[in-house]
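Trainee: coordinates only, no sequence provided:
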C-alpha cells in the first residue's frame, strides 16, 4: 500500500508540472514571433535570420545586422508562478561580441507586440550583456511595484564563440539560483540581493554630529618649523644653456633675455609634517532607528500575469544566436533542454579544434613552401 501511495504521489507531481513555453526556432518560427515596428521608421531595426553559429550545426535565431535594435516577441499562455518554481532557460552564443545585449524578458500578457520597445513593461529580464572590458555581466532584473530592480551582485557572462545555456530558477520562498552551463553562477534571496523592500533601519533624522566632534585623523605638527632659507630658492630660473640667437637684433627685438625654466633646486611650498591628531574621536556613525515605512512581503517572487517573451536588444556587432528557450516549472524538462545545448557546445568546441588544426597544418605547409622556394632561389644565384 505504501508503494502504491508513493507511485500515486509521483504521478500527481509529474502531471502538475507544466511547460509554459518552448522554442527551438525550427519550422515556421515567424508565425510564432512578432517583429516590432517601433524602430522601422528610423531605419534602425535589425534583421533576424535562422542560422547556425560560427562553429555549430544546430540552428537558432540570429541577429544579422550590425549597429541595430532588435525587438521581437512571442505570446505564451497566460500563467502565474504562484506557489511554484519558475524556470527561465535559453541558449545564447554571443559570437565574441564587442558590445551588445543577449538577454531575454518575460512580459505580462498585455504586451503590445507590434510596438514592442525598451520601455515596454516586463516582469523579469535575464541574460548576458557585454560591452568592452568594463561590462561583462549576466543581468537579472525583477520588476516590483512598477520599478525595475537590478541585482546587487555581479554575475559573470560568457563571451566567446560557443553556445552557453543560461538558467534562472525562481522559487516561491523568494530564493533564486542562476546556472550557466549547468553550473551555479549565483544563488541567494530576493530580499537580500535586491533593494525591492524599504530598509529595515534608517539614519535617525533627529541625530546630528556634535559640533565639537573631531574627525580629522591627522593634523600639521605644531612643533615643526620651516627651515631657514627655505623660501630663498626661486621656483624658476633663467635657462643657463640658452643662447641669444644669431639673428637677434637688440634695437629691433629688444634686450634678449634667456627663457625661464623650472629650478631643479626648488623644494616646493613648505608644509609641516602631519602627525596623529590626539583629539581624534573616530568617524562619527549616524545612529539608526527602525524605518516606519518598512514592511514585509513574502511574495516578491510572484508574477500573477505572465504572457509573453521578448528579445529587446541593441547590438553593435551582430551574429548572436539564440536557441532552446523554455519556461517551465519542471526541472527535469529544463535539464533535458540544457543537455541539448551542452551537447551542441561540445560539438562546437571539437569543430573549432579541427579548424585550428587544419589552419596550423596549412601554415606549416606554407612556411615549408617558402623555405623551399628561398632555397631554390639561393641555388640559382650561385649559378
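Mentor: Looks like it came in fine. Everything numeric in this text was worked out from a predicted model, so none of it was measured.
Trainee: so where does the most centrally placed residue in the chain fall, helix or strand?
Mentor: Centroid-nearest residue in the chain, with Cα atoms, centre = their mean: residue 137, separated by 2.5 Å. According to DSSP states H and E, residue 137 maps onto strand 135-144.
Trainee: pLDDT (mean, whole number) over that strand?
Mentor: Averaged over strand 135-144, pLDDT sits at 95.
Trainee: so after that strand, what's the next helix or strand?
Mentor: Downstream of strand 135-144 (by DSSP H and E), the next one is strand 147-150.
Trainee: which strands or helices does that next one pack on?
Mentor: strand 135-144 (3 or more Cβ pairs under 8 Å, 6 or more residues apart in numbering; DSSP states H and E). Where C-beta positions appear, they are placed from N, C-alpha and C, glycine not excepted.
Trainee: so how far is the strand it packs on from its chain's centroid?
Mentor: Offset of strand 135-144 from its chain centre (Cα atoms, centre = their mean, to the nearest Å): 8 Å.
Trainee: identify all contacting residues around the strand holding residue 137.
Mentor: 101, 103, 121-130, 148-151, 154-157, 159, 166, 168, 176, 178, 180, 185-186, 190, 194, 196, 300 (Cβ atoms under 8 Å, 6 or more residues apart in numbering).
Trainee: now list the buried members of these.
Mentor: Buried members of those, counted by 16 or more other Cβ atoms under 10 Å: 101, 103, 122-130, 149, 151, 155, 157, 159, 166, 168, 176, 178, 180, 185-186, 190, 194, 196, 300.
Trainee: which ones among these are found in strands?
Mentor: 101, 124-130, 149, 166, 168, 176, 178, 180, 185-186 (DSSP state E).
Trainee: any idea which helix or strand comes after the longest strand along the chain?
Mentor: Counting by DSSP E, the longest strand found in the chain is strand 68-79. For strand 68-79, the following helix or strand on the C-terminal side (DSSP H and E) is strand 86-93.
Trainee: now that following strand: average pLDDT?
Mentor: Mean predicted lDDT for strand 86-93 stands at 98.
Trainee: buried stuff in it?
Mentor: 86-93.
Trainee: residue 249 and residue 258, how far apart?
Mentor: Residue 249 is 17 Å from residue 258, where distance means Cβ to Cβ, to the nearest Å.
Trainee: what about residue 28, how many residues nearby?
Mentor: By other Cβ atoms under 10 Å, 6 other residues sit near residue 28.
Trainee: for this protein, give me the ranges with low pLDDT.
Mentor: 1-16, 376-383 (pLDDT under 70).
Trainee: can you tell me the element the residue of it most remote from its centre falls in?
Mentor: Outermost residue of the chain with respect to the C-alpha centroid, by Cα atoms, centre = their mean, is residue 251; its distance is 69.3 Å. Element membership for residue 251 (DSSP H and E) is helix 250-253.
Trainee: can you tell me the closest non-neighbouring residue to residue 76?
Mentor: Leaving aside its chain neighbours, residue 76 sits nearest to residue 21 (4.2 Å; criterion: Cβ to Cβ, 6 or more residues apart in numbering).
Trainee: and that neighbour, which of the three is it?
Mentor: Of the three states, residue 21 takes strand according to DSSP: H, G, I helix; E, B strand; the rest coil.
Trainee: and it, how far from residue 333?
Mentor: 12 Å.
Trainee: again, but for residue 70
Mentor: Residue 70 is 28 Å from residue 333, by Cβ to Cβ.
Trainee: neighbour-wise, which of those two wins?
Mentor: residue 70 (27 against 17).
Trainee: for the more buried one, give me its contacts.
Mentor: If you count contacts by Cβ under 8 Å, 6+ apart, then residue 70 has 45-46, 48, 63, 311-315 around it.
Trainee: close enough to count as contact, residue 329 and residue 84?
Mentor: Yes. At 4.5 Å, residue 329 counts as touching residue 84 under the criterion of Cβ atoms under 8 Å.
Trainee: number of nearby residues for residue 120?
Mentor: Neighbours of residue 120 (other Cβ under 10 Å): 21.
Trainee: ok, which stretches of the stretch 251-383 of the chain are strands?
Mentor: Ranges of strands in the stretch 251-383 of the chain, per DSSP state E, counting those that start in this stretch, are 260-262, 274-276, 288-290, 306-315, 321-328.
Trainee: let me have these in TSV, extended by distance to residue 28.
Mentor: Output for these, formatted as TSV (distance: least, Cβ to Cβ, whole Å):
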stretch	distance to residue 28
strand 260-262	76
strand 274-276	75
strand 288-290	58
strand 306-315	17
strand 321-328	16
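Trainee: among these, which comes closest to residue 110?
Mentor: strand 306-315 (7.3 Å; Cβ to Cβ).
Trainee: other SSEs contacting that closest one?
Mentor: strand 68-79, strand 99-101, strand 104-107, strand 321-328.
Trainee: next, format those as TSV and append distance to residue 33.
Mentor: Below are those laid out as TSV (distance: least, Cβ to Cβ, whole Å):
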stretch	distance to residue 33
strand 68-79	5
strand 99-101	18
strand 104-107	12
strand 321-328	11
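Trainee: check those strands for me and report the most buried one.
Mentor: strand 104-107 (a mean of 26; mean count of other Cβ atoms under 10 Å).
Trainee: ends of stretch 127-136, how far apart?
Mentor: 11 Å (Cα to Cα, to the nearest Å).
Trainee: chain center to that stretch, what's the gap?
Mentor: Counting by Cα atoms, centre = their mean, stretch 127-136 comes out at 4 Å from the chain centroid.
Trainee: and stretch 199-210, by the same measure?
Mentor: Centre to centre, stretch against its chain (Cα atoms, centre = their mean), the figure for stretch 199-210 is 35 Å.
Trainee: same check on stretch 33-40?
Mentor: Stretch 33-40 has its C-alpha centroid displaced from the chain centroid by 25 Å (Cα atoms, centre = their mean).
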